[in-house]
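Trainee: After the sequence you'll find the predicted model.
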Amino acid sequence: MSFQHLALFLHLTGITFWVGGMVFIRVCLVSSTLTTSQWAEILGNFFSLSWVSVALIVISGGFMLILRGLSQAPLAWLLMSFFGTVMIAVYASLWLGPWAALRSALMRGELAKARTEAQRISQRLDITLALAALTATVATLGLAI
């Protein structure tokens, strides 16, 4: 097994956990009857795993780009890197914005504010998942161009 194979495995594993977790939260948890506090507890666990996944994606993707050489990398890879970076930026804004506000509102007992922030999290997850679909499309179908 080469380092390229290991990097690809880590890259796909990170993507699977990160995007799969977002889909689970968006599809299953948002429409559930969980309280906002329960939802926040689950999100906290998800964020712990998701940031490890994001780190795996960035490190393994960067490694594969370095191995190939930026000048030799397919345009699809460069576009995937760009859209992936935008996706991470939106995700970081979710974590630093509504997620931080949700935790703060729960600590102060402001349940209405917490529910509003939970809705903002759902909206940013929608954006992040749309970017994930775009990134996957560019990464795969873009290789045919």
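Mentor: Nice, thanks for sending it over. Numbers count the residues shown, from 1 in each chain.

Trainee: Please make it C-alpha for all contacts and neighbour counts, starting now.
Mentor: Will do.

Trainee: and the residue nearest the centre of the chain, backbone torsions?
Mentor: The C-alpha lying nearest the average C-alpha coordinate of the chain belongs to Trp18 (CA atoms, centre = their mean; 5.0 Å). Backbone torsions of Trp18, given as degrees, to the nearest 10, read phi -70, psi -60.

Trainee: again with Arg124
Mentor: The phi/psi pair for Arg124 (degrees, to the nearest 10) is phi -70, psi -30.

Trainee: burial count for it?
Mentor: Residues lying near Arg124 (other CA atoms under 10 Å) number 19.

Trainee: List the residues that contact it.
Mentor: 90-91, 94 (CA atoms under 8 Å, 6 or more residues apart in numbering).

Trainee: Buried members of those residues into ChimeraX, please.
Mentor: In ChimeraX, this line selects whichever of these come out buried by 16 or more other CA atoms under 10 Å:
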select :90,91,94
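
Trainee: top helix in the chain by residue count?
Mentor: If you go by DSSP state H, the chain has its longest helix at helix 36-68.

Trainee: Check which helices and strands it is in contact with.
Mentor: With contacts taken as 3 or more CA pairs under 8 Å, 6 or more residues apart in numbering; DSSP states H and E, helix 36-68 sits against helix 3-24, helix 75-94, helix 100-108, helix 111-141.

Trainee: Just tell me which of these ends up closest to Ile66.
Mentor: Comparison of the helices and strands packed on helix 36-68 against Ile66 by CA to CA identifies helix 3-24 as nearest, at 10.4 Å.
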